[in-house]
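S.K.: sequence and predicted structure below; questions after.
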Amino acid sequence: MNETTVPHKIIGVAVIWNDKGQILIDRRRAEGLMGGLWEFPGGKVEPGESIEECIRREIFEELGIEIEVAEHLITIDHTYTHLRVTLTVHNCRYVAGIPQPIECEEIRWVSLDELEQYAFPEANTQIIAALKSSGSHQNP
């Protein structure tokens, strides 16, 4: 497959911080692409939707919580063999609700230093690197 035939998805991604300085990650369901890997939650931008709106909606749909979308962290273009993705990543603040694994296997609050203990899809490693270099150890 060449570049032009690979589907392209624009994905809004949330790095959700709580007031203890922990980040919410979720584990993908075992079936499906990249199953069982951990990720920062988010999803595909719908037509006519801003990245911020997409992130808020996806987080509510997938985890049942309300968040505040804060500053942009990084945008990553990544081509897997079957798919090209543009991940637009924002720091977010956890506002309300009890996180629930509605569309994933499990969820976990972890510190920035603990992220390396989890297996993430390839594109996500750049997000972790950006978090470490930006020194985002506290709430956005």
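M.R.: Thanks, I have it. Residues are numbered from 1 along each chain as shown.
S.K.: going forward, measure contacts between C-alpha atoms and count neighbours the same way
M.R.: Fine.
S.K.: so in the chain, where's the weakest helix or strand by average pLDDT?
M.R.: With mean pLDDT, DSSP states H and E as the measure, the helix or strand of the chain carrying the lowest mean pLDDT is helix 124-134 (a mean of 92).
S.K.: give me the distance from stretch 58-78 to the chain's centre.
M.R.: Per Cα atoms, centre = their mean, to the nearest Å, the displacement of stretch 58-78 from the mean C-alpha position of its chain is 6 Å.
S.K.: next: stretch 9-20.
M.R.: Chain-centre distance of stretch 9-20: 5 Å, with Cα atoms, centre = their mean.
S.K.: same question, stretch 113-121
M.R.: With Cα atoms, centre = their mean as the basis, the distance from the averaged C-alpha position of stretch 113-121 to the chain average is 13 Å.
S.K.: quick check: bridge partners of residue 39?
M.R.: With DSSP bridges as the criterion, the beta-bridge partners of residue 39 are residue 26.
S.K.: again with the one 5 residues further on
M.R.: As for beta bridges, residue 44 partners with residue 11 under DSSP bridges.
S.K.: helices and strands around the helix or strand harbouring residue 75, which ones?
M.R.: Taking DSSP states H and E as the definition, residue 75 sits inside strand 66-79. Judged by 3 or more Cα pairs under 8 Å, 6 or more residues apart in numbering; DSSP states H and E, strand 66-79 is in contact with helix 51-63, strand 84-96, helix 124-134.
S.K.: the second one pairs with which strands, and in what direction?
M.R.: Within its sheet, and counting by DSSP bridges, strand 84-96 is paired with strand 8-17 (parallel), strand 66-79 (antiparallel).
S.K.: what about the following helix or strand past that strand, average pLDDT?
M.R.: Along the chain past strand 84-96, the next helix or strand (assigned with DSSP H and E) turns out to be strand 106-110. Per-residue pLDDT values over strand 106-110 give a mean of 97.
S.K.: now strand 106-110: buried residues?
M.R.: 106, 107, 109, 110 (16 or more other Cα atoms under 10 Å).
S.K.: now for the second one: which residues touch it?
M.R.: Right, the one you point to is residue 107. The contact partners of residue 107, taken as Cα atoms under 8 Å, 6 or more residues apart in numbering, are 24, 25, 26, 27, 99, 100, 101.
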